[in-house]
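Chemist: Structure for the following, please:
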Amino acid sequence: MSGRSFPARRAALLIGAAAVSASVVLPAAPAVAAEAAAVAALFRQANFWREKERPDLALAAVRRILAVEPNNARAKALAAELTKAPPVNPTQPATAGIAPGGQRLGDRALQQRDPNAIYTTAVDPDGRRIVAPAPPPRQAPRPYVRSATDTAGEYRLQGFRLIDQGRFAEAESRFQAALRINSNDRDATGGLGIARLRRGRFDEARTLLQRAGRGSGGAKWNQALQSATFYGQLRVAQAARDGNRLDEATRLAGALKPADARQNALARTLMASILEGQGRYPEALAMYRSIPGGGGAAGAQAVAEAQTRAARIAAMQAAARGDYPAAERVFQQALLGGSADPWLRYEYARLLVATGRTPQADEMIAPLATQSGAEARYAAALYASQLGRVGDANRLIAQIPAGERTPQMAAFAIEQNVAAGVLQARALDHAGRRAEAIGLLRQMAAQPLPIPAAGAVADALYAMGDTGTGVALAQSAAAQPIGGEPDAYQGIVVVLAKAGYDAVAVPLVDRITQSAGQSPYNARAIGRLHALLAASRADRLRLQGAFAPAFDILQAAYPAAPGDVDLLASLARLYQSGQFYGPALEVYGMVRQQRPDDVGNLLGFADSAIGANRLDEAQEAASTALRIAPNDPQAYQVAARVEQARGRDGAALKLLRQARTLRAQQTGAYGPALSPTNPFAASTARPAMQGPVNPFLLVPRGAPAAVRPGPAIGLPYSFLSPVPATIPGAPATVLEG
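Modeler: Alright, predicted model coming up:
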């Protein structure tokens, strides 16, 4: 029996447990018995050769035992016995120097001895010296020289033992060392395949196990090969699902061939999650409930997780119908049942936010932020990010060790780092250091970015005047395959729409809509994307003076996204440009409720308040804007207009000089010196709306015919709530809805 066959026998014992997935740790293989059998066989070899009077070969077998088990006491004792000299028998008669006839050899014999022989001398009891040929010296056993085959066998044996200990990377190195000696060693190839399987490298494991299974005796690798194939295909299907490629994920999941209860539960859970993503909630529920309870503890855990997911889907289904009380009851029952699923709390918190109960949502999420599990911290970080709490999101995702992060968590961590960088760039811009801010944003834009991060950087670049880089980044992101949730694309859509790239933005939103499924949250996110498109298109038309068509676009988009803050902001700007100052103030006020620190909105409010001669409100808004953005030239310009409207021309001139200085610092371009005279001395305040004329019917000179309004339009803000349906003091013909 050779040492080479021992790992093969041991590998056969390992195959039954050689299946693994990214979320399951399977029991180690029973290799201890195989190792003991190998050592016993070497002892039998040693005893055999000792009986055959071949101590050299017996010692070689013992040394092979000691190479694997250096502290084996039995092997040490046997080695000592085989290497010591044989004992002398004191009872054996002395025959040295006795001639065949009994005559002793004397000096004459010494003179006649063979000169090539080796002799010994002794003194007999009578005092005479005797000479006799010395017995040939006993030859020491030849030292054992380990062969390459023996070395490879020891590497294999060590590799399987390391797999038992869960030290898969070290096991790989042992099997690779054996393969460097003999690249055709199928046992080492199979062992390497099992190590790769345990590490979740399923494609590599499948290739190695297929190679090991060729030829006679290859069937012992079949079970491990099936596991590698199944889990590899499962991972590909999961990636398609996570990338929102749900049709592809459905096809891949349907092709899975599970071989046991655990694999069956995983396959069904995957298919149920795909159905969930497609909004096919009844089918998803049925699939979850069809998962058998087999598979031992792992299978039972899968069923418990599936039941929690089923409860979550049922709640989301109720929310999609608008039955929020029913959704809450399902969430609460699942939590009272002891569910520890962090995503249950996450979805419940999102429902609470959607119904205007953010403090209660914060309380629902709070326990996740203190748990040690990666999923819990990730859910809490996602929640914080969706509420714009960049610092909290960064802190929570940073608490998850890099080795425990899924690809989705890693991408989210990048997004949060970029979000923090964008905030830093905006702070630099507000401090009057725009060149530094743009440089920082360009550095981020040069790196591969997830979609949400690319959108944030592109939007910031566009806002700071680097429209070329911002639009290029948005176009590049729009060309990628659709993946992730719809709200991840907000920044991309905003930049494309602002830049007038409707030919790119509209098809992008259509593709997102087609792949988003029927989730109630996705429906709101899709409505938000359409609102962003409408707001940007309306702003472009407004700047061209085409007020009526701009209003039509906003009115058409509002039902799909009621109360959307960007739609409201665009409508407020439209009223302001059309000198509808009363409605402008009403709508700007609604925007302030959602974005109290939005400088652009504050300045629009202040400008409209000046037009409506509500100067106290104008002063409050302008002062707030200056406090938030003390280095914004436009804030100083609007504040100067407030001072001029109050008749304080000196203060207005001082603010205008400050605005000019800041503008020059940011752009590097200093214009001609500011006139020392008061530019407002001969000016008059902007006239308020007079008479029955609807300003949205006024077409500026030179406006293209394509944007000229129709014969009449309704009240510009009649579709809003709770804005009143009439403007005090305005003619009835203008106010009809």
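
Chemist: mind checking how far the strand or helix carrying residue 156 is from the chain centre?
Modeler: In this structure, residue 156 sits in helix 148-164 according to DSSP states H and E. Counting by Cα atoms, centre = their mean, to the nearest Å, helix 148-164 is centred 36 Å from the centre of its parent chain.

Chemist: got it, and stretch 473-488?
Modeler: 17 Å.

Chemist: Need the contact partners of it.
Modeler: If you take Cβ atoms under 8 Å, 6 or more residues apart in numbering as the criterion, stretch 473-488 is touched by 243-245, 386, 445, 449-452, 454-455, 457-458, 461, 491-492, 495-496, 499, 501, 504-505, 508, 511-513, 515-516, 521-522, 525-526, 528-529. For the C-beta atoms, the positions are set from N, CA and C on the backbone; glycine is no exception.

Chemist: Narrow the residues you listed to those in helices?
Modeler: Among those, DSSP state H puts 386, 445, 451-452, 454-455, 457-458, 461, 491-492, 495-496, 504-505, 508, 511-513, 515, 521-522, 525-526, 528-529 in helices.

Chemist: Mind checking which of these are buried?
Modeler: Among those, the ones that count as buried by 16 or more other Cβ atoms under 10 Å are 386, 445, 451-452, 454-455, 457-458, 461, 491-492, 495-496, 504-505, 508, 512-513, 515, 521-522, 525-526, 528-529.

Chemist: Surely residue 350 is in contact with residue 387?
Modeler: No: assessed by Cβ atoms under 8 Å, residue 350 is found out of contact with residue 387, at 10.0 Å.

Chemist: between those two, who's got more neighbours?
Modeler: residue 350 (20 against 16; other Cβ atoms under 10 Å).

Chemist: next helix or strand past whichever strand or helix holds that one?
Modeler: Following DSSP H and E, one finds residue 350 within helix 342-354. Of the helices and strands lying after helix 342-354 in sequence (DSSP H and E), the nearest is helix 358-370.

Chemist: what inclination does that next one have with respect to helix 342-354?
Modeler: Helix 358-370 runs at 160 degrees relative to helix 342-354, counting by axes from the mean of the first three to the mean of the last three Cα atoms, to 10 degrees.

Chemist: Helix 358-370: how far from the chain's middle?
Modeler: That offset, for helix 358-370, works out to 23 Å (Cα atoms, centre = their mean).

Chemist: What segments of the stretch 201-350 of the chain are helices?
Modeler: Assigned by DSSP state H, counting those that start in this stretch, the helices in the stretch 201-350 of the chain fall at 202-212, 222-242, 246-254, 261-277, 281-289, 296-320, 324-336, 342-354.

Chemist: buried stuff in the second one?
Modeler: Within helix 222-242, the residues scored as buried using 16+ other Cβ under 10 Å are 223-238, 240-242.

Chemist: Other residues contacting that helix?
Modeler: 14-16, 18-22, 190, 193-194, 196-197, 200, 202-203, 205-206, 209-210, 213, 246, 248-249, 252-253, 255-259, 263, 266-267, 270, 273-274, 277, 407-408.

Chemist: does residue 425 really touch residue 437, like I thought?
Modeler: Yes: Residue 425 lies in contact with residue 437 (Cβ under 8 Å); the separation is 4.2 Å.

Chemist: Now do the shared contacts for these two.
Modeler: By Cβ under 8 Å, 6+ apart, the residues touching both residue 425 and residue 437 are 460, 464.

Chemist: so where do the strands sit in the chain?
Modeler: For the chain, applying DSSP state E gives strands covering 119-123, 129-133.

Chemist: Return the distance of the helix holding residue 350 from the chain's centre.
Modeler: 21 Å.

Chemist: Give the other helices and strands that that helix contacts.
Modeler: Helix 342-354 sits against helix 296-320, helix 324-336, helix 358-370, helix 374-386, helix 520-543, with contacts defined as 3 or more Cβ pairs under 8 Å, 6 or more residues apart in numbering; DSSP states H and E.

Chemist: Kindly present the ones you listed as CSV, with separate columns for mean pLDDT and distance to residue 632.
Modeler: Output for the helices and strands packed on helix 342-354, formatted as CSV (pLDDT from 0 to 100; distance: least, Cβ to Cβ, whole Å):
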stretch, mean pLDDT, distance to residue 632
helix 296-320, 69, 41
helix 324-336, 84, 41
helix 358-370, 88, 29
helix 374-386, 88, 27
helix 520-543, 82, 19
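
Chemist: Make CSV from those helices and add distance to residue 49 to it.
Modeler: Output for these, formatted as CSV (distance: least, Cβ to Cβ, whole Å):
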stretch, distance to residue 49
helix 296-320, 48
helix 324-336, 71
helix 358-370, 67
helix 374-386, 58
helix 520-543, 77
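
Chemist: Ok, which of the ones you listed comes nearest residue 285?
Modeler: Among the helices and strands packed on helix 342-354, helix 296-320 comes nearest to residue 285, with 5.3 Å by Cβ to Cβ.

Chemist: Extract the residue ranges of this structure that are flagged as low pLDDT.
Modeler: Residue ranges of the chain with pLDDT under 70: 1-35, 85-146, 279, 281, 292-304, 306, 320, 484, 516-521, 666-737.

Chemist: related to what we said a few turns ago, okay, angle between the helix holding residue 350 and helix 324-336 too, please.
Modeler: Using the same axes, to 10 degrees: helix 342-354 against helix 324-336 is 150 degrees.

Chemist: and helix 342-354 with helix 520-543, angle?
Modeler: 40 degrees.

Chemist: Taking helix 374-386 as reference, get the angle to helix 342-354.
Modeler: Using the same axes, to 10 degrees: helix 342-354 against helix 374-386 is 20 degrees.

Chemist: Among the helices of the stretch 201-350 of the chain, which comes closest to residue 468?
Modeler: helix 222-242 (33.3 Å).

Chemist: any idea how far that closest one is from the chain center?
Modeler: On Cα atoms, centre = their mean, the centre of helix 222-242 falls 19 Å from that of its chain.

Chemist: relative orientation of that helix and helix 246-254 in degrees?
Modeler: Using the same axes, to 10 degrees: helix 222-242 against helix 246-254 is 160 degrees.

Chemist: heads up, I number from 38, so please use that
Modeler: Noted, 38 is the first residue going forward, which turns the last one into helix 259-279.

Chemist: Helix 259-279 vs helix 298-314, what angle?
Modeler: Going by the same axes, to 10 degrees, helix 259-279 makes 10 degrees with helix 298-314.

Chemist: Can you go through the contacts of helix 259-279 and name the buried ones?
Modeler: 51-52, 55-58, 227, 230-231, 233-234, 237, 239, 242-243, 246-247, 250, 283, 285-286, 289-290, 293, 300, 303-304, 307, 310-311, 314.

Chemist: What helices and strands are in contact with the helix holding residue 193?
Modeler: helix 42-51, helix 69-88, helix 92-105, helix 205-218, helix 223-235.

Chemist: List of residues touching stretch 483-498?
Modeler: 448-449, 451-452, 455-456, 458-459, 462-463, 474-475, 478-479, 481-482, 504, 506-508, 510-511, 513-514, 517, 520-521, 525-532.
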